[in-house]
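Enquirer: how would this look folded up:
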Amino acid sequence: MPTLLHIDSSVSPTSASRAVAGQFTTAWTESHPGGTVIYRDLVANPPAHLGWEAVSASVTPADTRSPEQAAAWAEREELIAELEAADALLLSVPMYNWSITSTVKAWIDAVIVVDRTVSLTGGSGALSGKPVTIVTARGGAYGPGTPQEGNDYQEPYLRHVLAALGATDINFINVELTLASVTPAMADLIPLAEQSRAVAEKAVAARAAA
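Expert: Numbers count the residues shown, from 1 in each chain. Take a look at the predicted model:
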């Protein structure tokens with residue numbers, strides 16, 4: 001039976017990214033009876049940022065690793081094993097300061113291992129043949145013609161990383177203008193924010209059922 005790896009990373013328990021990603025998982029479960037969901041909350045259990053022990057362990061034979069290297073590699077191995085076991089990946093990523101959360105970056109650094117999850121010679125990667133869905137939430141709007149056009153360092157980076165991991169079926173579902181309801185200067189954008197949320201909710205339902 002298929003396995004979905006669902007990763008959340010917003011620091012807010014009521015964030016739009018968590019809520020819409022949760023709707024995806026609910027719809028996916030309904031469309032895949034008997035399927036398994038591996039859930040990882042990067043806020044509740046943040047992965048360690050790469051240190052020398054974790055990096056050096058990847059090029060050190062297991063039987064000669066120091067206790068520190070072994071412990072650091074064990075954490076990376078847990079994250080890698082989850083990724084390899086999944087048949088589909090769901091990432092829930094809010095935009096912080098025009099980019100991704102530090103916990104998502106730490107997760108990426110942990111799971112990228114050349115010649116295992118990533119191939120530099122055209123081979124397959126950990127996400128080869130697997131659908132990847134990314135639910136993002138942004139306080140503003142970053143599409144063509146908007147004042148923030150060109151300042152999105154979230155989606156382009158994630159597209160590159162996920163492709164490096166072998167993904168070719170990559171789908172971004174963006175919830176924009178999430179700050180409109182709490183920022184007086186953006187009050188006139190509330191209808192557009194509500195429209196963006198509605199479009200995203202429809203998109204996750206369709207994507208999960210595919």
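Enquirer: tell me the secondary structure for the residue nearest the centre of the chain?
Expert: Nearest residue to the geometric centre of the chain (CA atoms, centre = their mean): L91, 2.7 Å. Three-state assignment for L91 (DSSP: H, G, I helix; E, B strand; the rest coil): strand.
Enquirer: how much space between the residue lying farthest from the centre of the chain and N97?
Expert: Each residue of the chain has a distance to the centre, and by CA atoms, centre = their mean the biggest one is for T64: 33.3 Å. Taking CB to CB, to the nearest Å as the measure, T64 falls 41 Å from N97. Yep, even glycine has a C-beta here, placed from its N, CA and C like the rest.
Enquirer: how near is the closest residue to T36 other than its chain neighbours to D109?
Expert: Distances taken as CB to CB, 6 or more residues apart in numbering place T3 nearest to T36, at 4.5 Å, with adjacent residues excluded. Distance, T3 to D109, by CB to CB: 23 Å.
Enquirer: coming back round to it: who are the contact partners of the residue nearest to T36?
Expert: By CB atoms under 8 Å, 6 or more residues apart in numbering, the contact set of T3 is 35-38, 85-88.
Enquirer: those: which two are farthest apart?
Expert: With CB to CB as the measure, no two of the contacts of T3 lie farther apart than G35 and A85, at 12.5 Å.
Enquirer: strands of this structure, start to end?
Expert: With DSSP state E as the criterion, the chain has strands at 3-8, 36-41, 88-94, 132-137, 170-175.
Enquirer: just want the angle from the second one to strand 3-8.
Expert: Comparing the axes of strand 36-41 and strand 3-8 via axes from the mean of the first three to the mean of the last three CA atoms, to 10 degrees yields an angle of 20 degrees.
Enquirer: quick one: mean pLDDT over strand 36-41.
Expert: For strand 36-41, the mean per-residue pLDDT is 98.
Enquirer: partner strands of it, parallel or antiparallel?
Expert: Note on strand 36-41: by DSSP bridges, its sheet partners are strand 3-8 (parallel).
Enquirer: the strand it pairs with: which residues count as buried?
Expert: 3-8 (16 or more other CB atoms under 10 Å).
Enquirer: and stretch 170-185, by the same measure?
Expert: Buried-residue list, stretch 170-185, by 16+ other CB under 10 Å: 170, 172-178, 180.
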